[in-house]
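Visitor: kindly return the folded structure for what I paste below:
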Amino acid sequence: MSNFKITIIQFTISTFLFVFLSSCNGQIKSDNSNNKVERHSATTQTSQQINQYNSTTLKTIDKNIRSIFQDKNGNYWIGTNGAGVYRYDTKTLTQFTVKDGLADNQVINIQEDDLGNIWLGAGTFDISKFDGKKIIPLTNKVKITNGTETDWKSKKNDLWFFAGGGVFRHRNLSLDYLPFDPSSSNAQMNTPFSLSRYGVYCILKDKKGNIWFGTQAEGVCRYDGNKLTWFKEKGLSGPAVLSLFEDSKGKIWFGNNGAGLFQYDGKTLTNFTEEKGLNNADFRASGKIGLGTLARIYSINEDNNGNIWVGTVDAGVWKYDGNNLTNYTTKDGLTSNAINTIFKDKNGELWFGTDGNGICKFNGTTFAEFIIE
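Guide: Next up, the predicted model:
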């Protein structure tokens, strides 16, 4: 692993004090008051719990789903909160855990590079790579060195990963750490594995090549290849930004865990939730869940008809057709009102990964639990 390195990039932004907040059952949940920090927390399983999954003839998937991805060969990859990751080729279900080389049993982000390697990101900010034969944990074997702000560059084939005070960028066998505020005297802001207010939870590369980062408590940052631009107004900063999405019209959507859904059209930032009167003030004040609200956003996607789908962690999923909003819950066939991730596969079907109730699919008409026959 000597070819890998982490470079600390110098980029100065004002510092802030922060307070860590433990999550519940590995989820990104908190009361989201402006001075509190959410953190990923991997669920620890006993050896007995893990052993029950180590088989290539599995028929069931762990119920707590954090990520879903389909690779170029059509295989589905399903990341869980504490049971590792599954690969499903529509015939065989295979599970990979720390016993197979995975850095952590929580997998919240899945990507594929140009060579077909599958990259798996954990809530602990660890990264693993599957090369088709084996899983290799990376971040615990790299060397940290000093760099300059000129290293803030972006190329088409770069891979980006979450980190505690910024992001990792993978390029040409190099894994670089780019913190947003490396000048801070707070040590937690200068290490990729310790969460700060600048910790990154979601990343989007838009059609123009801009890279967008959703942070723990500092709103959203856009890197255009030359400079960093921050979006913090209208309640976007404070609670964590957990999802970013670009729709077919080029609009960027931000999902905030507390302040709701935001839309950026290239000029104006709109608090969509506030505009539609779907806030949940009780959550910001006391942590109370809010059925019928659009305040705690975990995932965003778009179907083939141009409808925007928004997954919440306490109020099911919402569909926006450009004019009307429709709310779907367990009463409409969803297996859970807590939607951690929404994925659209190559057939245009939507997959909804839930917090504790498996996967639910939508075929354009109805919801149905995903079950392997």
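Visitor: tell me which strands the helix or strand where residue 255 lies pairs with, and in which orientation.
Guide: Residue 255 is located in strand 252-256, with elements delineated by DSSP states H and E. Using DSSP bridges, the strands paired with strand 252-256 in its sheet are strand 241-246 (antiparallel), strand 260-264 (antiparallel).
Visitor: as CSV, the ones you listed with mean pLDDT would be great.
Guide: Listed next are those as CSV, based on pLDDT from 0 to 100:
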stretch, mean pLDDT
strand 241-246, 98
strand 260-264, 96
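Visitor: any idea which of the ones you listed gets closest to residue 296?
Guide: Set against residue 296 and scored by Cβ to Cβ, those come closest in strand 260-264, at 7.8 Å. (Glycine included, C-beta is placed from N, CA and C.)
Visitor: listing partners with orientation, what would you give for the next helix or strand after the closest one?
Guide: Next along the chain after strand 260-264, taking DSSP H and E as the criterion, comes strand 269-271. Paired with strand 269-271 in the same sheet, following DSSP bridges, are strand 260-264 (antiparallel).
Visitor: between the strands paired with strand 252-256, which one is nearest to residue 136?
Guide: The nearest among those, by Cβ to Cβ, is strand 241-246 at 27.6 Å.
Visitor: where are the low-confidence patches of the stretch 51-200 of the chain?
Guide: Scanning the stretch 51-200 of the chain for pLDDT under 70 picks out the ranges 51-57, 140-150, 182-190.
Visitor: what is the burial count for residue 347?
Guide: 9 (other Cβ atoms under 10 Å).
Visitor: what's the pLDDT at it?
Guide: For residue 347, the pLDDT comes out at 91.
Visitor: helices along the stretch 201-350 of the chain, start to end?
Guide: Here the stretch 201-350 of the chain has its helices, by DSSP state H, counting those that start in this stretch, at 272-276, 281-286.
Visitor: also the stretch 51-200 of the chain?
Guide: Counting by DSSP H, counting those that start in this stretch, one finds no helices in the stretch 51-200 of the chain.
Visitor: can you pull the domain assignment for the protein?
Guide: 1-200, 233-373 (automatic domain parsing).
Visitor: ok, which of those comes nearest residue 213?
Guide: Counting by Cβ to Cβ, residue 213 lies closest to domain 1-200 out of these; the figure is 4.9 Å.
Visitor: returning to what we had before: looking at the helices of the stretch 201-350 of the chain, which one has the lowest mean pLDDT?
Guide: Taking the mean pLDDT of the helices of the stretch 201-350 of the chain, helix 281-286 comes last: a mean of 65.
Visitor: out of the domains of the chain, which gets nearest to residue 216?
Guide: Of all these, domain 1-200 sits nearest to residue 216, with 4.1 Å by Cβ to Cβ.
Visitor: any idea which element the spatially closest residue to residue 341 that is not a sequence neighbour lies in?
Guide: If the residues on either side of it in the chain are set aside, residue 341 comes closest to residue 353, at 4.1 Å by Cβ to Cβ, 6 or more residues apart in numbering. Take DSSP H and E as the rule and residue 353 turns out to sit in strand 350-354.
Visitor: beyond that strand, next helix or strand please.
Guide: Per DSSP H and E, the first helix or strand lying C-terminal to strand 350-354 is strand 359-362.
Visitor: any low-confidence regions in the stretch 201-350 of the chain?
Guide: 283-289.
Visitor: ok, now with 80
Guide: Scanning the stretch 201-350 of the chain for pLDDT under 80 picks out 281-290.
Visitor: show me where it has its strands.
Guide: 211-215, 220-223, 228-231, 241-246, 252-256, 260-264, 269-271, 297-302, 308-312, 317-320, 325-328, 339-344, 350-354 (DSSP state E, counting those that start in this stretch).
Visitor: got CSV for those, with distance to residue 76 and mean neighbour count too?
Guide: Formatted as CSV, these follow (distance: least, Cβ to Cβ, whole Å; neighbours: other Cβ atoms under 10 Å):
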stretch, distance to residue 76, mean neighbour count
strand 211-215, 25, 25
strand 220-223, 29, 21
strand 228-231, 33, 16
strand 241-246, 20, 24
strand 252-256, 23, 25
strand 260-264, 27, 23
strand 269-271, 34, 17
strand 297-302, 15, 24
strand 308-312, 18, 26
strand 317-320, 20, 22
strand 325-328, 23, 16
strand 339-344, 9, 24
strand 350-354, 8, 25
